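1. Give me a model of this one.
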Amino acid sequence: MTIKFKVRQVIKMAAQNLLLPAWYGLFRFRPVNRKRVIFADAHHTEVPESMELLRDAVRETGDFEVTEMYMDVQAASPAKVFRFMLRFMRLYAGAGFVVISDNFLPAASCRKRRETCVIQLWHACGAYKKFGYDAADDIPAGYRGHVYRNTSLVTVSSKACAEPFASAMKLPAKRMLPAGVSRTDRYFNYEWTEACREEFYREYPGAVRKKIVLWAPTFRGNAAEPRIPEFDAAALQEELGDEWLVLVRVHPHMAEAFGDRSCPIPTDRLFPVTDVLVADYSSLIFEYLLFDRPLVLYVPDLDEYRAQRGFYLDFDTIPAPKIRAESALADAIRKEYLATAQDKKYNREMPDAFTDYWMHACDGHVTERIVRYMQKNAAADGRSGKQIQ
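-> Numbers count the residues shown, from 1 in each chain. From the prediction side, this is the model:
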């Protein structure tokens, strides 16, 4: 861990434990506006895809007042971050709802008002690798506080995710809402998938009539010092031949290090054109399987990863070949592609048991369910004073 990183952590802790709670306290005696919904994120400069559909749907109801607050705090100046957080805390003190989709520490910096409902959409489906408080790399050792303590509910992709998420976030299982993951509604939208295809072939006109294999690894370590295993995409391309196109799309934390070697199109927008996905320990496998396409797991460091981070599921149950040697990848990709084409076992109308177990709530209507939940609770609180825990 670098000295610069340690200094940033000390400053961050001082602000979160002292300044932000005090600022929040100045505004907490004003009436709560049950119609105000704050969409907030500290990792993007615009609305993240994880909350875009819900943001749009909440606006369209006409029932709520929407405020949006987005900033990539790692890239912004300390002064801008400071102003951003103070503004959020002032609005937070009187908001009916706060919607986030990742760790958002300002929301956890104080004891929130009971009338405010903090909805954690999270950005991952299923329950694969351990995260949060179950993983040593996710929560900085020097962090003082509870990252998720003010979370009223967490939307998850199935009932099976409730226990793992409750463990990772140190929250009661009753706060896990198996309504599904909002952003997966796009995968059931024909216009969206066609737009993705058009975008892809504009970017890669030479890919027409080629089979697309996508390598999309997750990072190892923590977000401040990420790393991924060595992989020779050029060698794989040569072995597969001209009928294939090998693409690389690394995790956003690794994008700068990979530069133009990483595809500029977001991973989920590549799913509609991907014929075979090569992944490892990322939860993106769950949403990819909604497309009923073949999957290959390239896991050269499986033993190390299992020992250091671990899994919530039985790794062997994942419906994909597990490849440890890079030299065996090309054969595995061909076999999976041919098997899928021959027996047509991947049928979107009849999901396999694994996908159904982890993703049964992701049916194209998730956002509708979350909006109904918000409307119902806003109305109930307004009439009876009922409080959302």
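2. Am I right that V273 is in contact with F200?
-> Yes - using C-beta atoms under 8 Å, V273 is in contact with F200, at 4.8 Å. C-beta coordinates here come from the backbone N, C-alpha and C atoms, glycine included.
3. Identify the contacts common to the two.
-> A207 (C-beta atoms under 8 Å, 6 or more residues apart in numbering).
4. Which residue ranges of the chain form strands?
-> Under the criterion DSSP state E, the chain contains strands at 33-41, 65-70, 95-100, 117-120, 153-155, 176-177, 211-215, 244-248, 276-279, 295-298, 322-323.
5. Any chance of those in JSON lines with mean neighbour count and distance to A332 as columns?
-> JSON lines is the format used below for these (neighbours: other C-beta atoms under 10 Å; distance: least, C-beta to C-beta, whole Å):
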{"stretch": "strand 33-41", "mean neighbour count": "21", "distance to A332": "37"}
{"stretch": "strand 65-70", "mean neighbour count": "16", "distance to A332": "40"}
{"stretch": "strand 95-100", "mean neighbour count": "25", "distance to A332": "38"}
{"stretch": "strand 117-120", "mean neighbour count": "25", "distance to A332": "36"}
{"stretch": "strand 153-155", "mean neighbour count": "23", "distance to A332": "34"}
{"stretch": "strand 176-177", "mean neighbour count": "20", "distance to A332": "35"}
{"stretch": "strand 211-215", "mean neighbour count": "22", "distance to A332": "10"}
{"stretch": "strand 244-248", "mean neighbour count": "20", "distance to A332": "13"}
{"stretch": "strand 276-279", "mean neighbour count": "25", "distance to A332": "9"}
{"stretch": "strand 295-298", "mean neighbour count": "22", "distance to A332": "5"}
{"stretch": "strand 322-323", "mean neighbour count": "18", "distance to A332": "5"}
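6. Include distance to P78 and mean pLDDT when you put those into CSV, please.
-> CSV is the format used below for the strands of the chain (distance: least, C-beta to C-beta, whole Å; pLDDT from 0 to 100):
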stretch, distance to P78, mean pLDDT
strand 33-41, 19, 97
strand 65-70, 17, 98
strand 95-100, 22, 98
strand 117-120, 25, 98
strand 153-155, 30, 97
strand 176-177, 35, 96
strand 211-215, 37, 96
strand 244-248, 34, 95
strand 276-279, 37, 96
strand 295-298, 40, 96
strand 322-323, 45, 96
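7. what does stretch 75-89 contact?
-> 11, 15, 20, 23-24, 27, 38, 40, 69, 71, 73, 106, 109-110.
8. mind showing which ranges of the protein have poor pLDDT?
-> 1-14, 140-142, 219, 221-228, 251-260, 341-351, 381-389 (pLDDT under 70).
9. again, 80 this time
-> 1-18, 137, 139-145, 219-230, 250-261, 340-351, 380-389 (pLDDT under 80).
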